[in-house]
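1. based on what follows, work out the 3D shape:
(chains A and B)
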Number of protein chains: 2
Amino acid sequence: MKKCVVLKGDIIWTESPDRFEYQEDGYLVLEDSVVTGVYPKAPEGEHELLDFSGSLVTPGLTDLHLHAPQHQFAGLFMDEELLQWLERHTFPYESRFADSSYALKAYRSFVSDIAGSATTRSAVFATIHSDATLLLMKLMEEAGLSGYVGKVSMDRNSPDSLREETEEAIRDEEQFLDEASAFRNIKPIITPRFVPSCSDRLLEALGKIAMERNLPVQSHLDENVSEVEWVRSLCPWSSSYADVYRHFGLLGDTPTIMAHVVWPSDDELGMLLERGVYVAHSPSSNTNLSSGIAPVRRFLDMGIKTGLATDIAGGSSLSMFRMITDAIQVSKLRCRFIDSSEKPLRFSEAFYLASKGGGSFFGNVGSFEKGYDGDILVLDDKAFPSVLRPELSVPERLEMYAYRHPDAPVSAKFVKGRRII
Amino acid sequence: MKKCVVLKGDIIWTESPDRFEYQEDGYLVLEDSVVTGVYPKAPEGEHELLDFSGSLVTPGLTDLHLHAPQHQFAGLFMDEELLQWLERHTFPYESRFADSSYALKAYRSFVSDIAGSATTRSAVFATIHSDATLLLMKLMEEAGLSGYVGKVSMDRNSPDSLREETEEAIRDEEQFLDEASAFRNIKPIITPRFVPSCSDRLLEALGKIAMERNLPVQSHLDENVSEVEWVRSLCPWSSSYADVYRHFGLLGDTPTIMAHVVWPSDDELGMLLERGVYVAHSPSSNTNLSSGIAPVRRFLDMGIKTGLATDIAGGSSLSMFRMITDAIQVSKLRCRFIDSSEKPLRFSEAFYLASKGGGSFFGNVGSFEKGYDGDILVLDDKAFPSVLRPELSVPERLEMYAYRHPDAPVSAKFVKGRRII
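-> Below is the predicted model:
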């Protein structure tokens, strides 16, 4: 017999970007950890009832791009731009993860923080260090999280302490992948850092590995104007930055996430659409590093698959609620200053991107439709007294929560039906 | 004999925008609630020692513009622009403050929240309702806060429930001011809502009252493109929006705060500089309402007096630390997209604006120089474990705190030397 679990509360989710679905005082029913639906009344038959009456119950959120080793310095060095910031702070800091005891301390702290956040799924960059990366996977698995973690590959334009020899990098990646298959909920992902850090030979090898092992891919694309120019000079044979990844089998031949996409050409957007590539829109990071504002309205209008991402530590907050409001805010400035035809994101659209939008990279994740995984958050907005609250609709309460309390601890959290908080 | 109080901790402040002053494991000395200085050793002689070792000790922050009655709906209706947002939500909601029992509930909640925040001084808009405004002043006074509160004046282009008759508005203001002189730390301020809401006759009368009673003035200026055009059509005789206030004695004839200044002309900037008017830069609100990005680098370069402001509920957060990072973030986008000669704010500059910059409107407030009022925050950044913390300088710890924990409760707070948390 299937195990039936029912959550009672004010249940809200998005099935499409344009509107919220919700059921006040409703019942979210899971059978064997999978959603069967949301109902105004409790189901008949035997079930375990978890009563979260008066709290908001939402799908878990997906952080589609972040760098776990950078979490320790999130919120620092924010007066610099991307390439300088990488060289002066990020690369030296990532070098420390050669030391497994340091990695243990730092990754324990990261996993504790992300486990307590609203994020249930994530696509994570580690460093070039296999041991530390496997440790991170183990810690995330033990915390009950689900997602992808990549050992980073990089063999050029990097400091000595963070530059792999090309053939060794390829062997290390293969060996890492063999060992990384041990985990159940945390899976490996092919992770060339970005074109400037990877030789053609390394990119080619990584593309082949991704195809042979049928593994997903994540990298960076079109984040910063100087970076785009650099790629043009590094790969004069390519028609665009995206074309470099495409050429080496790293752009949608297997499921692919490209972070940022702030400065895409029309050709590149067409390529992302056609090849089903996910964009990890990172509004906070793109602002902090003065990179720009991604054309997220165009992504939506074209039908490019899009999720939201903190991009720790370009972004300074692990909160996906903060990313929801940051995405709305920068879209307003893009509309005001860059292209008035690109209307700002509405709240339901941004919530959709953070839940089902990015979640779909992981399967049926980020919604409460039948057949979706039991990724669930319980948000106790009663904890924040408001005279107006009794008058508010469930979507209004969620909007207020996202804007005012983005860093508040969630009061319960389920990943694939398993309660981890 | 003077009463001497000494705070021990990691003390940090700005005297000028370009750099932090700090003393790790230092001693901040107050005599009769006024700062005498910061020292590496404890002073000789009798004193009360408050030991905040390991915590950050900073000046209290100033919120130079916010609307107390709007606090209840902060974080709602963020999908709209200024004029629509005013008409649909703000004006109807403010009308409720005719009911004193409603006002009591709402203002109690507001005062509880701002008292717990990093704000020690503020310049507050109430509503047109004298009774409710006096109640707000009383509650803020009782909470130990210091600042200005204005009964709002508005007699045109407003809904019936929020439009005063002109002569009655003038009489009400006079009567309000008589009664409002009862408070010690919360003082009244002349508050025409903005030009579109105030007839020439009302503005003229308010200017006279400000001069006669030597009272400060606060209002809104150049927030939104449509608003600026509206003012041009309402006051075709004026050379600019700022010129309307100037004409009626409401622009620096007494100390004046103008909120926003997103779309100033060169003439207007010159006028603000010459007349010593303070700009309340409200980055979060200006983004939320799609108003734009104020040229804060120009304010600094010209020497225009500038502070930061939440502008609740155009802004959705009461946190002045959030305003510091928001101000930096929008300045990066302004530099990237509007004028690359306007360099982004650095962290010390934004902190200066939130402390001494806006604080100076209230006298010697917002620094730890000799003679400054004892407005002090204690921030327990140890509460947020970071593997990197032992390596960080005091300014780096403050930057990390501002970016990562802007809504964290302060662990102690002093206003004019009196501990209120």
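2. near chain B, which residues of the stretch 1-150 of chain A?
-> Applying CB under 8 Å from any CB of the partner chain, one finds that the stretch 1-150 of chain A approaches chain B through A:Q72, A:F73, A:A74, A:G75, A:L76, A:M78, A:D79, A:Y102, A:K105, A:A106, A:S109. (C-beta placed from N, C-alpha, C; glycine too.)
3. which ones are touching the last one?
-> It stands for A:S109. A:H71, A:Q72, B:P385, B:S386, B:V387 (CB atoms under 8 Å, 6 or more residues apart in numbering or on different chains).
4. where does it land on pLDDT?
-> If you check A:S109, the pLDDT there is 97.
5. the host helix or strand of it: which residues count as buried?
-> Here A:S109 sits within helix A:100-115, counting by DSSP states H and E. Residues of helix A:100-115 classed as buried under the neighbour-count rule (16 or more other CB atoms under 10 Å in any protein chain shown) are A:A103, A:A106, A:Y107, A:R108, A:S109, A:F110, A:V111, A:D113, A:I114, A:A115.
6. out of these, who's nearest A:S153?
-> Relative to A:S153, the closest of the buried residues of helix A:100-115 is A:A103; by CB to CB it sits at 17.8 Å.
7. can you check the pLDDT for that closest one?
-> In the prediction, the pLDDT value recorded for A:A103 is 98.
8. that one: what's it in contact with?
-> So A:A103 contacts A:P69, A:R96, A:F97, A:H129, A:D131, A:A132, A:L135, A:L136 (CB under 8 Å, 6+ apart).
9. contacting residues around the first one?
-> Going back to what we said before, that points to A:P69. A:Y93, A:E94, A:R96, A:F97, A:A103, A:A106, A:Y107, A:F110, A:F125, A:A126, A:T127, A:A132.
10. format those as JSON lines; extra columns: distance to A:S340.
-> Output for the contacts of A:P69, formatted as JSON lines (distance: CB to CB, whole Å):
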{"residue": "A:Y93", "distance to A:S340": "40"}
{"residue": "A:E94", "distance to A:S340": "40"}
{"residue": "A:R96", "distance to A:S340": "46"}
{"residue": "A:F97", "distance to A:S340": "45"}
{"residue": "A:A103", "distance to A:S340": "47"}
{"residue": "A:A106", "distance to A:S340": "44"}
{"residue": "A:Y107", "distance to A:S340": "44"}
{"residue": "A:F110", "distance to A:S340": "40"}
{"residue": "A:F125", "distance to A:S340": "35"}
{"residue": "A:A126", "distance to A:S340": "41"}
{"residue": "A:T127", "distance to A:S340": "42"}
{"residue": "A:A132", "distance to A:S340": "47"}
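11. which pair in those residues has the greatest spatial separation?
-> Pairwise distances across the contacts of A:P69 peak at 15.2 Å for A:R96 and A:F125 (criterion: CB to CB).
12. who's more crowded, the two?
-> Per other CB atoms under 10 Å in any protein chain shown, whichever of A:R96 and A:F125 has more neighbours is A:F125, with 26 against 19.
13. tell me the pLDDT of the spatially most central residue of chain A.
-> The structure's chain A has its C-alpha centroid closest to A:L64; by CA atoms, centre = their mean the separation is 1.5 Å. At A:L64, the model reports a pLDDT of 98.
14. picking up where we left off before, ok, which pair from the residues of the stretch 1-150 of chain A next to chain B is furthest apart?
-> A:D79 and A:K105 (26.9 Å).
15. would you mind writing the CA trace of stretch A:141-157 as PDB?
-> Only the C-alpha atoms of stretch A:141-157 are listed here, as PDB (Å, rounded to 0.1, in the frame of the first residue of the first chain):
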ATOM      1  CA  GLU A 141      23.600  14.000   0.600                       C
ATOM      2  CA  GLU A 142      23.700  13.600   4.300                       C
ATOM      3  CA  ALA A 143      21.800  16.800   4.800                       C
ATOM      4  CA  GLY A 144      19.000  15.400   2.700                       C
ATOM      5  CA  LEU A 145      19.500  17.900  -0.200                       C
ATOM      6  CA  SER A 146      19.200  17.000  -3.900                       C
ATOM      7  CA  GLY A 147      21.000  18.300  -6.900                       C
ATOM      8  CA  TYR A 148      24.200  18.400  -9.000                       C
ATOM      9  CA  VAL A 149      27.700  19.100  -8.000                       C
ATOM     10  CA  GLY A 150      30.600  19.600 -10.400                       C
ATOM     11  CA  LYS A 151      34.300  19.200 -10.000                       C
ATOM     12  CA  VAL A 152      35.500  22.300 -11.800                       C
ATOM     13  CA  SER A 153      37.800  21.900 -14.900                       C
ATOM     14  CA  MET A 154      40.200  24.600 -15.800                       C
ATOM     15  CA  ASP A 155      43.600  24.400 -17.400                       C
ATOM     16  CA  ARG A 156      44.500  27.900 -18.600                       C
ATOM     17  CA  ASN A 157      44.400  31.600 -17.600                       C
END
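16. isn't there a strand covering A:T36?
-> Yes. Assigned with DSSP: H, G, I helix; E, B strand; the rest coil, A:T36 falls within a strand.
17. in the stretch 151-300 of chain A, what residue spans correspond to helices?
-> Shown for the stretch 151-300 of chain A, the helices assigned by DSSP state H, counting those that start in this stretch span residues A:166-180, A:200-213, A:225-234, A:241-247, A:266-274, A:283-288, A:296-302.
18. show me what from the stretch 201-350 of chain A comes close to chain B.
-> So far as CB under 8 Å from any CB goes, the stretch 201-350 of chain A lies against chain B at A:287-288, A:290, A:292-293, A:316-317, A:325, A:328-330, A:332-333, A:335-338, A:344, A:346-347.
19. using the three-state scheme, assign the residue of the stretch 51-200 of chain A found nearest chain B.
-> Residue nearest to chain B within the stretch 51-200 of chain A: A:G75 (3.2 Å; CB to the nearest CB). Following three-state DSSP, A:G75 is assigned to coil.
20. so who does it touch?
-> For A:G75, the contact set (CB under 8 Å, 6+ apart) comprises A:A313, A:S316, B:E399, B:M400, B:Y401, B:A402, B:Y403, B:R404.
21. ok, the residue lying closest to it once chain neighbours are set aside - how many residues close by?
-> Nearest non-adjacent residue to A:G75, counting by CB to CB, 6 or more residues apart in numbering or on different chains: B:Y403, 3.2 Å away. B:Y403 has 25 neighbouring residues, counting by other CB under 10 Å.
22. for B:Y403, report the pLDDT, please.
-> pLDDT at B:Y403 comes out at 97.
23. A:V279 is in contact with A:R298, isn't it?
-> No. Counting by CB atoms under 8 Å, A:V279 stays clear of A:R298, with 10.2 Å between them.
24. who has more neighbours, these two?
-> Taking other CB under 10 Å, A:V279 and A:R298 do not tie; A:V279 has more neighbours (30 against 18).
25. what sits opposite the more buried one in the beta ladder?
-> Assessed by DSSP bridges, A:V279 has beta-bridge partners A:M258, A:T306.
26. show me what contacts it?
-> Residues near A:V279 by CB under 8 Å, 6+ apart: A:I257, A:M258, A:A259, A:H260, A:V261, A:L272, A:A294, A:F299, A:I304, A:K305, A:T306, A:G307.
27. tell me which of these is nearest to chain B?
-> For the contacts of A:V279, the nearest to chain B is A:A294 (12.3 Å; CB to the nearest CB).
28. and the closest one, what does it touch?
-> A:A294 neighbours (CB under 8 Å, 6+ apart): A:H260, A:V261, A:V262, A:V279, A:H281, A:S282, A:P283, A:N286.
29. please repeat the previous calculation with a cut-off of 7 Å.
-> Residues in contact with A:A294 (CB atoms under 7 Å, 6 or more residues apart in numbering or on different chains) are A:H260, A:V261, A:V262, A:H281, A:N286.
30. noted, bye for now.
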